[in-house]
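Undergrad: Just need the structure, nothing else, for what follows:
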Amino acid sequence: MLILSRNKGQKIIINNNIVISVVEVSGDQVRIGIEAPADVSIYREEIYDAIQEQNKEAVLQSDNVQELLRSVDPRKKN
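TA: Sure thing, here's the model as predicted:
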């Protein structure tokens, strides 16, 4: 992990097309701004984790539906 120190108003450039700016520092909280192309997804960690969990649950439900369909009509393979 790369660790950098930045002050309010300073920026970090990633891959020539993503800019992270330190907007405000207040106590132990830092507000950042992120400029990135529209095709780059940006999430807070807790949101990303929730999305991943929902995706896992959706896959399990899909598997259960396929299994249920096979039990109703054994000729169905997929």
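Undergrad: neighbours of residue 69, just the number please.
TA: Residues near residue 69, counting by other Cβ atoms under 10 Å, number 13. Just so you know, the C-beta spots here come from the backbone N, C-alpha and C atoms, and that holds for glycine as well.
Undergrad: Read off the pLDDT value for it.
TA: Turning to residue 69, the model gives it a pLDDT of 70.
Undergrad: Which secondary structure element is home to it?
TA: helix 45-72 (DSSP states H and E).
Undergrad: what's that helix packed up against?
TA: The contact analysis (3 or more Cβ pairs under 8 Å, 6 or more residues apart in numbering; DSSP states H and E) places helix 45-72 against no helix or strand.
Undergrad: Which positions in that helix come out as buried?
TA: Judged by neighbour count (16 or more other Cβ atoms under 10 Å), helix 45-72 contains no buried residues.
Undergrad: Spatially nearest residue to residue 7, not counting backbone neighbours?
TA: Distance criterion Cβ to Cβ, 6 or more residues apart in numbering; nearest residue to residue 7, sequence neighbours excluded, is residue 22 at 6.6 Å.
Undergrad: list the helices and strands whichever helix or strand the one you found is part of packs on?
TA: Using DSSP H and E, the element containing residue 22 is strand 18-26. In terms of contacts (3+ Cβ pairs under 8 Å, 6+ apart), strand 18-26 is packed against strand 11-14, strand 29-35.
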